[in-house]
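A.B. asks: Here you go, sequence then predicted model.
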Amino acid sequence: MSEPQGSEGTTQRLPVIENEKDDTLGRPAAPDTDGSPPVQDGADGRSGRFWSARRVPAGIVALLLLIVAGAFLYDIAAVRAGRLGLGWRRELARQLAQRPLDDTWVLVGAGVTAVLGLWLIVLAATPGLRRLLPMRRTHPDVRAGLHRDAAALVLRDRAMEIAGVRSVRVRLRRRRADVRAVAHFRALEEVRADLDTVLTEAVAGLGLARAPALSVCVARPGRKG
């Protein structure tokens, strides 16, 4: 059987064109190696605070309104049916008609009502959940938060890894992290420099939407006796 003409008995291998995107198809992108959390595409990754549901205040207000509205509705229905109104409502109407505006009880009632109203306005206008720190958003449909005590515990553990640190107390707020360390050996300047470096990296590694400012104070342990 004769071989095909033009091939000369050899087979040439076709060149292979490599696609740079073939390695990334069907597999997730490799995470960043610089230690910082990824940022959402087209945004700075910032996220607002979490809003509390305010179930307890809303339940109290709803219950009080239900009781007051039910009592007045029952009294109005009784009067429409030809019965006398409730004694407490008639007494209340008489007291409001006779007492002057500068009466002590009138001023106390007005003050309590104003305080309750301001309290409800503050609850409606503020997000609440101050112990939950929002984290940077890496996806538009996902929001994450970190509890303040957990974040403070992470900073404390990282600070305890520094040589010479005997004890650490961390107070973490929304915009500031106060670190108080006690060093029983090494120079205080060296311990403070190490704490600044390590805690700065730790704060950045938390992935918070608003990184708190770091305040570090190092002291010697107090003398006994």
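C.D. replies: Ah, there it is. Numbering: from 1, shown residues only.

A.B. asks: burial count for Ala211?
C.D. replies: The local packing of Ala211 (other Cβ atoms under 10 Å) involves 14 other residues. Yep, even glycine has a C-beta here, placed from its N, CA and C like the rest.

A.B. asks: Equivalent analysis for the one 5 residues further on, please.
C.D. replies: Using other Cβ under 10 Å, the number of residues around Val216 comes to 19.

A.B. asks: and the helix or strand harbouring it, what does it pack onto?
C.D. replies: Per DSSP states H and E: Val216 is located in strand 213-219. With contacts defined as 3 or more Cβ pairs under 8 Å, 6 or more residues apart in numbering; DSSP states H and E, strand 213-219 has these neighbours: strand 176-183, helix 188-205.

A.B. asks: show me where this structure has strands.
C.D. replies: Read by DSSP state E, the chain holds these strands, from start to end of the chain: 132-134, 145-147, 165-172, 176-183, 213-219.

A.B. asks: Could you export those as a markdown table, including mean pLDDT and distance to Asp102?
C.D. replies: Listed next are the strands of the chain as a markdown table, based on pLDDT from 0 to 100; distance: least, Cβ to Cβ, whole Å:
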| stretch | mean pLDDT | distance to Asp102 |
| --- | --- | --- |
| strand 132-134 | 86 | 46 |
| strand 145-147 | 87 | 50 |
| strand 165-172 | 93 | 47 |
| strand 176-183 | 94 | 47 |
| strand 213-219 | 93 | 50 |
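
A.B. asks: Dump these into JSON lines; add distance to Gly117 as well.
C.D. replies: Shown next, in JSON lines, are the strands of the chain (distance: least, Cβ to Cβ, whole Å):
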{"stretch": "strand 132-134", "distance to Gly117": "27"}
{"stretch": "strand 145-147", "distance to Gly117": "31"}
{"stretch": "strand 165-172", "distance to Gly117": "33"}
{"stretch": "strand 176-183", "distance to Gly117": "32"}
{"stretch": "strand 213-219", "distance to Gly117": "36"}
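
A.B. asks: among those, which is nearest Leu153?
C.D. replies: Shortest distance between Leu153 and the strands of the chain, using Cβ to Cβ, is found for strand 165-172: 7.8 Å.

A.B. asks: what's the angle between that closest one and strand 176-183?
C.D. replies: Interaxial angle, strand 165-172 versus strand 176-183 (axes from the mean of the first three to the mean of the last three Cα atoms, to 10 degrees): 170 degrees.

A.B. asks: Among the helices and strands packed on strand 213-219, show me which one is buried the most.
C.D. replies: Across those, averaging neighbours per residue (mean count of other Cβ atoms under 10 Å) puts strand 176-183 on top, at a mean of 19.

A.B. asks: Please produce CSV containing the helices and strands packed on strand 213-219, extended by distance to Leu96.
C.D. replies: Supplementary listing: the helices and strands packed on strand 213-219 in CSV, determined by distance: least, Cβ to Cβ, whole Å:
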stretch, distance to Leu96
strand 176-183, 50
helix 188-205, 58
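
A.B. asks: Among the ones you listed, which comes closest to Arg158?
C.D. replies: Using Cβ to Cβ as the criterion, the shortest distance between Arg158 and those is 4.4 Å, found for helix 188-205.

A.B. asks: Now do that closest one: everything it contacts.
C.D. replies: 35-36, 154-155, 158-159, 161-165, 177, 179, 181, 183, 211-212, 214, 216, 218-220 (Cβ atoms under 8 Å, 6 or more residues apart in numbering).
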